[in-house]
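Peer 1: quick one, what's the 3D model for this:
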Amino acid sequence: MALQPHYKLVSRDTYEGELSRVAAERGLATVPYFALAAGFLTGNYRPGGTPEGSVRADSVQRYLDSERAPRVLAALDEVAAAHGGVEIATVALGWLAAQPTLVAPIASARTPEQLPPLLAVADLELTTAEIPALTEASA
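Peer 2: Residues are numbered from 1 along each chain as shown. Prediction:
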C-alpha cells in the first residue's frame with residue numbers, strides 16, 4: 001500500500017501533518033508525484049521570466065508568482081553549488097528523498113537529456129544542515 005500525494009518543496013501542505021503521520025504510523029510508503037513542480041524546480045524558469053514552451057505553463061506560472069519562489073530557488077542554487085554544481089532538480093529530488101516515509105519521488109522526463117539530473121539523486125547526499133535550510137526556504 002502506498003500514498004501518492006502532491007508533495008514537493010513548493011507544495012508541502014497536502015502531505016505534511018495528518019497524512020504523513022498516518023503514513024508513518026501505518027508503515028505506508030509515499031511516492032509523491034509532480035516532484036519537480038511541472039518543471040519549476042528544474043531551475044529553467046525564474047521569477048520575472050515566463051514559462052513559454054512549457055507543456056504546463058499555467059502550473060509553472062503559479063509557482064513563479066508565489067512569494068516563496070525566489071527563496072526556494074536561491075536555496076536550491078546554494079545547495080547545488082555546494083555539491084559541485086549539480087542540477088537544482090537533483091537537489092529538489094534529494095530533499096524529497098530525505099523526507100521520512102518517502103520511498104521515491106515521481107519525476108518525469110520527456111527527453112533523454114532530462115534524465116541525468118533525475119538519476120543523479122541516487123548519488124546526492126544532502127547534509128544535515130542543507131535539508132532544514134531547504135525546508136525553511138519553502139515554508
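
Peer 1: can you classify the most centrally placed residue in the chain by secondary structure?
Peer 2: Centrality entry for the chain: nearest residue to the mean C-alpha point is A92, 3.7 Å, by CA atoms, centre = their mean. State at A92, reduced to three classes by DSSP: H, G, I helix; E, B strand; the rest coil: helix.

Peer 1: the closest residue to it other than its chain neighbours: neighbour count?
Peer 2: Nearest non-adjacent residue to A92, counting by CB to CB, 6 or more residues apart in numbering: L41, 4.0 Å away. Heads up, the C-betas are built off the backbone N, CA and C, glycines and all. L41: 27 surrounding residues under other CB atoms under 10 Å.

Peer 1: so who does L41 touch?
Peer 2: K8, L9, V10, A35, V72, L76, I88, A89, A92 (CB atoms under 8 Å, 6 or more residues apart in numbering).

Peer 1: could you dump the residues you listed to TSV with secondary structure?
Peer 2: Output for the contacts of L41, formatted as TSV (three-state DSSP):
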residue	secondary structure
K8	strand
L9	coil
V10	coil
A35	coil
V72	helix
L76	helix
I88	helix
A89	helix
A92	helix
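
Peer 1: from those residues, pick the one nearest A122.
Peer 2: Closest to A122 out of those is A89 (13.3 Å), distances taken as CB to CB.
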